[in-house]
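structure, please.
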Amino acid sequence: MEIDFSNLVIIVAVAFAMPLLLGLAPGLRLPSVVLEIVAGIVIGPSVLGWVEVDEPVRVLSLIGLAFLLFLAGLEVDLDRLRGRRLGLVTVSFAVSFGIAVVVALGLKAAGQIDTPLLVAIILVATSLGVVVPVLKDSNKLSSDLGQLVIAAASIADFGAVILLSLFFSRESTGIGAKIVLLGGFALVSVAAVLALVRVERSMLLTRAFLRLQDTTAQIRVRGAFLLLVAFVALAERLGLEVILGAFMAGAVLSLVDRDQTGTHPQFRTKLEGAGYGMFIPVFFVTSGVQFNVDALFASGSTIALVPVFLAALLVVRGLPALVYRGTIGRRDTVAAGLLQATSLPFIVAASMIGMELGLLDQATGAGLIAAGLLSVLLFPLLALTLLRRGEAAPVTVAAAPRLTPTTK
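Numbering: from 1, shown residues only. This next block holds a predicted model:
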């Protein structure tokens, strides 16, 4: 069988060019993922028709999706998910999902969607990969605001992946059977954690890992790939979603890998280099190629879905941030709500799954993805502006008394 790589070459070239363009215009604060998806739309069948999704593109795109969820799982820090903070973000997510169900039922009653539960699940996730850089830029990553948002995003991503796997896996088994399968998957995850902890405590293996981790063996990176592929294969064998296996692989590694700053400080950088340098951009550009512009602009009512879904994201994920007000104050609560409402990767992945299963039509899927794009464009920028104004306000107040004597 002859394999044609011409489509993949164009996609990889676009993946290379988009962040480079942003690097040449540092004043343009725009996530690279947005340009990658938009560029995919332009080169895809809906606009220029330069690229189509063939087997090489499909395989690398699937690996990119798995790697994206793997790195998202790796961001989960269980040390942050404890005590009062865990209670706050858990309540926030429960309220968020309740609002999402109500909003989705309202959209169904209005004749806009057919599967309210799927849309509700799509609306409750938060894009941790976009939120973390914003918090870093505003020096809020280690603050109460930053820790709450990261914890909330972790809970939201985990909850959304579990709910999607429970109710909308590609396999047609019933809910009871899926709960049993999820329980079995959880037991395997616990067993993997225990086994990896034992490996970490073995002095013989630890010395071998230290010796091989920065050689051509790159043994820790290979081990991470093994864990990722094993969990993805297990999830697929159990009839669960691939994204659940990938996310859990990252969460397991995050739980086990506690000493990265002391013995292997470059490990996660290497994983991010492999993911964001090779596979994940292919997934995002391919998502743009598959984006159905014609379906989105087929009618005025379909176009109107985009602001509706954008507002739904803000209500579903932003409104529950009010539970933080007693902890971080009003301004930071609004910023937290905006950041929590920022979502794209899960929207893309879940919408693709919904369209493949025939549960979402092309117009609804395109509307959800377009709303996700706008959320990434608008909400972090608004949150960052709000946080910067909050930092500037005390300076102005403090400066005023010093000016008074000079004017007399």
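
let me see the contact set for Gly273.
With contact set as CB atoms under 8 Å, 6 or more residues apart in numbering, Gly273 has no partners. C-beta: built from backbone N, CA, C; applies to glycine.

which residue ranges form the strands in the stretch 151-300 of the chain?
Per DSSP state E, counting those that start in this stretch, the stretch 151-300 of the chain carries no strands over any range.

show me where pLDDT drops low in it?
169-175, 258-262 (pLDDT under 70).

so where do the helices sit in it?
With DSSP state H, counting those that start in this stretch as the criterion, the stretch 151-300 of the chain has helices at 175-201, 203-212, 219-237, 242-256, 260-263, 267-274, 280-290, 293-296, 300-313.

list the buried residues of the first one.
For helix 175-201, a neighbour-count test (16 or more other CB atoms under 10 Å) marks 178, 181-182, 185, 188-189, 192, 196 as buried.

pick out the residue nearest the middle of the chain.
What sits nearest the mean C-alpha location of the chain, by CA atoms, centre = their mean, is Ser127, with 3.8 Å.

list the residues that contact that one.
Contacts of Ser127 (CB under 8 Å, 6+ apart): 153, 342-346, 375-376.

which ChimeraX command selects the buried ones in the residues you listed?
Restricted to buried positions by 16+ other CB under 10 Å, the ChimeraX selection for those reads:
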select :153,342,343,344,345,346,375,376
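
among the contacts of Ser127, which one sits closest to Asp114?
Comparing the contacts of Ser127 against Asp114 with CB to CB places Phe346 closest, at 20.1 Å.

from Asp361, how far off is the closest one?
Here the criterion is CB to CB, to the nearest Å. By it, Phe346 lies 19 Å from Asp361.

between the buried residues of helix 175-201, which is nearest Ile11?
So of the buried residues of helix 175-201, ranked by how close each gets to Ile11 (CB to CB), first place is Phe185, at 32.3 Å.

show me what contacts the closest one?
234-235, 238, 240, 244-245, 248.

quick one on the thing from earlier: please report phi then psi for the residue nearest to the centre of the chain.
With angles defined as degrees, to the nearest 10, Ser127 sits at phi -80, psi 90.

which pair of the contacts of Phe185 spans the longest distance?
Spatial extent of the contacts of Phe185 (CB to CB) is set by the pair Leu238 and Met248 at 11.6 Å.

looking at these two, which has the bigger crowd around it?
The neighbour count for Leu238 versus Met248, taken as other CB atoms under 10 Å, is higher for Met248 (30 against 22).

nearest spatial neighbour of Pro45, skipping sequence neighbours?
Spatial nearest neighbour of Pro45, excluding adjacent residues (CB to CB, 6 or more residues apart in numbering): Glu52 at 6.4 Å.

isn't that neighbour right up against Asn7?
Yes - with contact defined as CB atoms under 8 Å, Glu52 reaches Asn7; the gap is 6.0 Å.

neighbour-wise, which of those two wins?
Using other CB under 10 Å as the criterion, Glu52 and Asn7 rank with Asn7 on top: 20 against 12.

hang on, isn't that one packed against Arg58?
No - Asn7 is beyond contact range of Arg58, at 9.9 Å (criterion: CB under 8 Å).

can you pull the residues that touch both of those two?
In contact with both Asn7 and Arg58: no residue, using CB under 8 Å, 6+ apart.

residue contacts, Val149?
Here Val149 is in contact with 131, 135, 336, 339-340 (CB under 8 Å, 6+ apart).

that one and Ile328: what is the separation?
10 Å.

ok, Val53 to Phe283 distance?
Going from Val53 to Phe283 by CB to CB gives 11 Å.

with Thr263 instead?
According to CB to CB, Thr263 stands 31 Å off from Phe283.

cool, Ser61 as well?
For Ser61 relative to Phe283 (CB to CB), the value is 5 Å.

quick one: which of the two has more around it?
Phe283 (29 against 25).

what's the closest non-adjacent residue to that one?
Gly64 (3.0 Å).

what average pLDDT does whatever helix or strand that neighbour lives in get?
Secondary structure assignment for Gly64, by DSSP states H and E: helix 55-74. Mean pLDDT, helix 55-74: 87.

give the next helix or strand downstream of that helix.
helix 83-109.

quick check: angle from that following helix to helix 300-313?
160 degrees (axes from the mean of the first three to the mean of the last three CA atoms, to 10 degrees).

and helix 83-109, what does it pack onto?
helix 116-123, helix 144-168, helix 300-313 (3 or more CB pairs under 8 Å, 6 or more residues apart in numbering; DSSP states H and E).

among the ones you listed, which is the most enclosed?
Among the helices and strands packed on helix 83-109, helix 116-123 has the highest mean neighbour count (mean count of other CB atoms under 10 Å), at a mean of 25.

output the contacting helices and strands for that one.
helix 83-109, helix 144-168, helix 300-313, helix 345-356, helix 362-407.

so for the shortest one, what gets flagged as buried?
Neighbour counts over helix 345-356 (16+ other CB under 10 Å) mark 345-355 as buried.

just the contacts of Ser127: which has the poorest pLDDT?
Pro345 (79).

hang on, isn't that one packed against Ala72?
Yes - Pro345 lies in contact with Ala72 (CB under 8 Å); the separation is 7.4 Å.

now Ser202, what are its backbone angles?
The phi/psi pair for Ser202 (degrees, to the nearest 10) reads phi -80, psi 120.

now it: how far from Asp214?
According to CB to CB, Ser202 and Asp214 sit 20 Å apart.

so the two - more neighbours on which side?
The neighbour comparison of Ser202 against Asp214 (other CB under 10 Å) goes to Asp214, with 14 against 11.
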